[in-house]
Each structure stands twice: as C-alpha cells, then as structure tokens.
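Undergrad: just a sequence and a predicted model for now, questions to come.
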Amino acid sequence: MIRRSGAGGPMMRSEFWGVSWMRTICLMYVFLSGLSVLSAQDLTIKRASSSIQIDGVMDEEAWQEAEVANNFNQYFPFDTSLADSQTEVRMTYDDRFLYVIAIMQNQGPRDYVVRSLRRDFRGRGYDSFSVVLDTYKDRSNAFVFGINPYGVQREGFITNGGIQTRTQGSSSENNAFTLTWDNKWRSHTRMLDSCWIAEFAIPFNSIRFRDDVDSWYVNFYRVDSEQAERSTWSHIPRNFSLINIGFNKEVQWDQPPQNKGKNISLIPYAGFRTSKNFEEGLPAERAFTAGGDAKIALSTALNLDLTINPDFSQVEADEQVTNLDRFEILFPEQRQFFLENADLFSNFGSDGARPFFSRRIGIVVDTATGTNVTNPLYVGARMTGNLSSKWRLGLMTIQAAPEKDIGIPSINYSVASIQHRIGQRSNIAGILINKQAFVDSLNGSFSWNPTDWNRTLGVDLNLATPDNRWNGKGYFHTSLDPSKLDSTYSAGFEINHETFDWEIRTDIRTIGANFNPDVGFVRRTNFAQWRATGYRNFYPSNKSIQSHGPGLDFDILRHNQFGITDWDANLLYRIDFKNNSRFNLRLRRQYTFLTDPFDPSGSDGLALPAQSDYTYNFMIADYRSDQRKSFFYELSTTNGEYFNGHLLNLEGTLSYRFGIKGTAAMNVAFNRIRLPGEYTDADLVLIGPRIDLTFTRALFWTTFVQYNEQINNVNINTRLQWRFKPASDLFIVYTDSYLAAEEDRIVDFARPKSRALVVKMNYWINL
C-alpha cells in the first residue's frame, strides 16, 4: 500500500486556501450536489462564466454554476447498487478547453495504490479517475483521459465500442483500449483525508469532434483500491466491459463546441545513433538523424498527420517469447504515427487474418538470413477522421528507402479505407492496400516496377445492437499478386451474444491457399475453420468470489487439401475474485495433423514427419493475483501430453512495487519437453528481469534483460526518458545482444552479437 504524503508536488496542501477549505469541499459534497442534482439521464455543459485555474480547488464561480454528475453506480464487484465510494463530476468549457473537476469521496483516511509515476498507467486495482468522450456520437470510438491521485496522466483510444475481440494469445486486458496515443493536456490533483480531487483542462485541439452537433456521449469511471471497487456514472452491467461505450449518457452542450483558431502541432526530432554488428564483423556505424511529424486539423473531425524521415528509436524492443507454435507471432504496434484512428486500418478481418498490419511498414526481411531489418522511411502522410455523422475516412501513404545491401528496392505503401455508419452502432467498411516497388531505386532513380506489387481489397460489415447483447461481423478480402491468380480470398463471419448469465462467441472463416496480403498478418492459409466458446456465469453471495462459471470451447480446422488437420475440445472454468484476482482452468483434448515436418522441441532436432497425426490431452491453468499488493504475480502452466511426448510449461511474472517509484519484475518461462526414442528432448528457458523506475512524473528509467535459450541469445535494453515539457522528451536507449554461454547458461560477454546506442530528443510545438 502507498501512504498519502505531505511532500511537495501534487501532494502539497494549499497554503492559501488551507486544509479546512478543502475538507469543507469534501464534506459539503451532498449539499453542493443537491444544488444542481440531475436526472438519471444526462447533463448540460454550460459555458464558463469565469476563468478556470487548474489547481484542484473548486473556488471559481463557473464551478458553482456547473451541473453535477453524481450517484455513481457500482460496476465491480456488484452492479445492482450505488457505489460505496461516491464521486461527483462537473464540466464546463471556454473557447480553448473542456474543463472537468471530480471529487472522489473516501470512507475515512486511507492509502492510495498506484503502479508508479509513469504516464499511461493501467490496471484494475489502481486508484484512478477517467473521462470517456464519444465525441462523434457513433458509440464505436471514444477518447479517454485519466489520472491517478498522484497526478499521473494517461490518455488513449477506445475502438470497436469497447468490445474485446478474439485475439490469439491476447492478455486479459481489453484489446479495444490502447494507451499508446499521446497528447498535451493539463491537470492537477489534491489528496485529503476524506477525498481526492482531480481537475482537467482538455484542449479542444487535442481531440476530434463534430462541430455540427450539440451533444456528446460521455461517461466517467473510477477505480477505488481501498474497497476494490470500480464505479461508473452511467450504469454498465458487469457482464460487459467497463469501457463499453454503448452505455454512455448523452451530455448536452448549451451551444455546440467550436475549435477556434489554428490547430497545428509540429513535433520535430533530432537524434544520434551508433551501432555495430559483431557477427558480421562490420565496422561501427554512426549517424545523425533529424525529422519530425506534423498534426494539422483540416476540420474539427478530420486530421492530417505528416512525417518526414520518421524515427522510432524511442520504442522499447519487443520482449522475447518462447515460440513452440508452428506459426508467426503477432506483436502490437507501438509507434505514435500509426495510432490515431488506427481502427480505420487495423480492424479489418479477424484474429490471424488481418489484411493490414502496420508493423510490416519499416521492416523488411533479409532473405539470405531470414532476419528482420529496420527499413528507413522517407516520408509519410495520414488523413483520418469523420467526414460527416455517417462517414469516416482513412488515407495513408508512406515511402520507404531502398536497402541496397540486401537488394530491397524503395517501396511505397498506400492504404485507403472508408466506413459508413448503419443504425446506432453498426457500419460497413471497405479497404484498399497497395504495395508498389520502384524498379530503379537501387540505382538512384524511381520508376514503377510493373511486376513487383501486391494489393489487397476488402469489405467488412460490423454489427452491434444498441443493447450490447449481440455483436459480430462478416468480411470478404482478396489479394492481387502478379504471381498468384486464384484462391486469393479470405472470408469470415462471427457473432457474439452476451447477457448477465451467458457469454457465447462463435466464428467461421476460410482462407484460400494463395491469399497473400504482403502488408497484412496471416498465420496460415488454405483452410476453413469453425470455433466457438460459451460460458455460464454465476454471481454468488460470497465474501471472496465475485463471479464464476463453467464453459465449453471447441475449434475445428479443415485444410482444403488434407481434410481436418486440427481440432481441440475444452472444458473451462474461471473464477473472478472480489480482490481483483482471477483463476482460469482449461482441460483440452487436441488433434494435430502435420502437413509439413515439425520439430516440437523447438531446438532444431529431428522433426516429426509430414502427414503424421497426433491426439493428446493436457491441462492449462493461470492465476493473476491482487495487483493492489506490493508483491503481485501472474502464473500459468501447461502440463500433459504433447504430440508424441510430454510437455511441462511453467510461466510467470513476479513483481514488486517500490511505493510510487516503480516496479521490479522477473519474467520466467520454462518448457520441459520429453520426446521418445531418437527425437530431441529440450529444456527451454527464458528469463527476463525488468526494472521500471519513475523518479518523478517526468523522469523514467526502464531496463530489462532477456535470456532466451531457444535462440541462444541474451538481450539487454535500457531506456532513460526525460519528459522536460508536456509531450516533449529526451530518450537515451542502449541495446546489447550476446550469445549465451552453452553450458552454464550465463552471458558470454566475449561473444557480443550487436550493440547500439541512440540519443533522441523530440519537442511538441502547438501553433
């Protein structure tokens, strides 16, 4: 637990107003709410009658006149009563800012739990308050601005209505909510014995909205660690996601908001990089780089992003995993340029069959070694946003530099998507993706290569009912390639049904043998698949369990040449505890037919022969502990039969939080594979200690080390970030890679593989 402090910064008590004044604000909560009590339906935002100072003190006349959003509903652990820890919120505005002030009531003196002082925190057990703004009123996309009691900000996007989609290997966090987007806004917090107070000023030019409407859909939610309670202003049934924006209330403006004046942001950067590849014996490379981005509002709802010589060196390296699968692993996009309105490009298709995946841009494959190589980008542009209440548009083009050393020409990546809203929460969308090589770019000139291109066309129908009980989609995509003329399709249909007692998801899809979207992500081709999952939920009157229930799951995959090649059937059980911990159990029977040779040990041993089949049984279990504790952990295991042998998998992350200053964690994965006869046994170990220190709200240091026995590699990544101005940073990033010692599993410092040092500064300028 983290105890409230009287030190400086956001914890400092106001000397001018005094503690008694702030305490009076908290104790007068009921009285003030009564002056402007609302109906259970909506709120009116009135223009501020006085200037607002962002200091966490509600002394301005405008706040006394503002209507109050109160009577927060409990979402977790129950959803049938008002919250035990109540919250009140007021909103007002002027020409430049939307202002929000929130008073979070406590049930007496208490401690607050936060993960660290790092921006963009996330977690179900950490104290926070968040504002959800559906500015387009489409109940599909929204902006989120949040804060914790120590004044740490976060901002992000909600897509797909806040409904989590089925994703291979996804975590328990909702993948319809991303916090990687960054922007400039102002805030201040104050902590007292009986409440904590947060005050926001959100610039209208930091968000996109329609200037022809006089209302938005809005919700507020709060996480209270002391009571392990999550609460919302607009009631959301607990069987739905906390960020499901289908339940947002309509908030009325006294006059439609306008974004007056210029709305242009420039984000130049300068950097230095030095690197050396020891394996190839090449001399060290040094380079100075400069470039930048620009954000230009073409209207209040349409934005133009420009980039020149973009550099993504501030992004952390992907943390390694042990891959015992036969297929490629998808890592999420983290680069800022691709994030705003990313759903216009990335939400087409389904899990493992995406026609567009932005991480294909800026990375090429060296065919000689099979490794990924960073590909510099010359210039890029993205225009995204709303054309009207019914139409959304996304256009993007990026020109990549040639890689002469490996014979890769300059390539242009262009994408166009259009989306038309149907009813309240449904839409139909189309996408065109073009990858075009330039034949003479390796010789310094540019002309179209008539035979080196790849295109993908697609249409998706996304459906969701107003009451959130039903949602789903149907889609058809086709790739165009000079060398592949038939079986170039991907099609599917999925439907999800969710009620208080039942959760049912099913989808059917098929992918042709030659479906080949070069700028997409496709795990496998030439198959048809049907899969379904169903859970029955129970909500007991129990002191420790919030909900639990059994489930069934199956997955059948038919190869168009070999027939049924994969199926699995699962008995499931899950338990959600009131302290935010969770337990999942899966008993699986699985069948696999190998179309190609495959080494299940993952260690380049003797492969199982093609066209052999295996049926095996095993158990999968995982547990996530209470994140509010200083020591918390996630553990998982897979144990049982594995092809023609046995697998014991143990994975976990053990974390310890140093107050508000950061977290030390140890990621461990151990796979013990035993195969009969001449096949190779393996003990694969992956160890990844990580330390994340936040010295202040502006100075962060992250270091992680990864030992991966499967690829005989030790990787070190350390990153220092100084946020010297809002959304402006200095990064120092050092990476080092070594061959692991073969016998005692320690780093062989005498055998480095590669090393790099990057120093970069970017500065956000609003014109």
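TA: Done, it's in.
Undergrad: residues touching Arg119, list them.
TA: With contact set as C-beta atoms under 8 Å, 6 or more residues apart in numbering, Arg119 has these partners: Val152, Gln153, Arg154, Arg697, Arg723. For every residue, glycine as well, the C-beta is placed using N, CA and C.
Undergrad: quick one: which two of the residues you listed are the most distant?
TA: Largest separation among these by C-beta to C-beta: Arg154 and Arg723, giving 13.4 Å.
Undergrad: give me the residue at the spatial middle of this structure.
TA: Thr178 (3.6 Å; C-alpha atoms, centre = their mean).
Undergrad: so it touches Arg154, yeah?
TA: No: contact between Thr178 and Arg154 fails when scored by C-beta atoms under 8 Å: they sit 10.9 Å apart.
Undergrad: and Lys753, what's its pLDDT?
TA: The score at Lys753 is 85. That number is its pLDDT.
Undergrad: circling back to that earlier point, of the contacts of Arg119, buried ones?
TA: Buried by 16 or more other C-beta atoms under 10 Å: Val152, Gln153, Arg154, Arg697, out of these.
Undergrad: show me what contacts the closest residue to Tyr763 other than its chain neighbours?
TA: Excluding the flanking residues, the one nearest Tyr763 by C-beta to C-beta, 6 or more residues apart in numbering is Ser728, at 4.6 Å. Contacts here follow C-beta under 8 Å, 6+ apart; on that basis Ser728 touches Met761, Asn762, Tyr763, Trp764.
Undergrad: hang on, Asn341 packs against Gly394?
TA: Yes: counting by C-beta under 8 Å, Gly394 is a contact partner of Asn341 at 6.3 Å.
Undergrad: spit out the residues that contact those two alike.
TA: Listed as contacting both Asn341 and Gly394 by C-beta under 8 Å, 6+ apart are Thr384.
Undergrad: looking at those two, which is more packed in?
TA: Asn341 (25 against 21; other C-beta atoms under 10 Å).
Undergrad: nearest residue to the more buried one in space, please, no chain neighbours.
TA: Excluding the flanking residues, the one nearest Asn341 by C-beta to C-beta, 6+ apart is Thr384, at 3.7 Å.
Undergrad: what pLDDT does the one you found get?
TA: Here, the pLDDT recorded for Thr384 equals 94.
Undergrad: which residues does it bridge with?
TA: For Thr384, the beta-bridge partners are Asn303, Gly394 (DSSP bridges).
Undergrad: how about the contacts made by it?
TA: Counting by C-beta under 8 Å, 6+ apart, Thr384 touches Leu302, Asn303, Asp305, Glu340, Asn341, Leu344, Arg392, Leu393, Gly394, Leu395, Met396.
Undergrad: ok, now which ones touch the first one?
TA: Contacts of Leu302 were listed using C-beta under 8 Å, 6+ apart, and they are Arg208, Met383, Thr384, Gly385, Asn386, Leu387, Leu393.
Undergrad: ok, of the residues you listed, which come out buried?
TA: Counted by 16+ other C-beta under 10 Å, these give Arg208, Met383, Thr384, Gly385, Asn386, Leu393 as buried.
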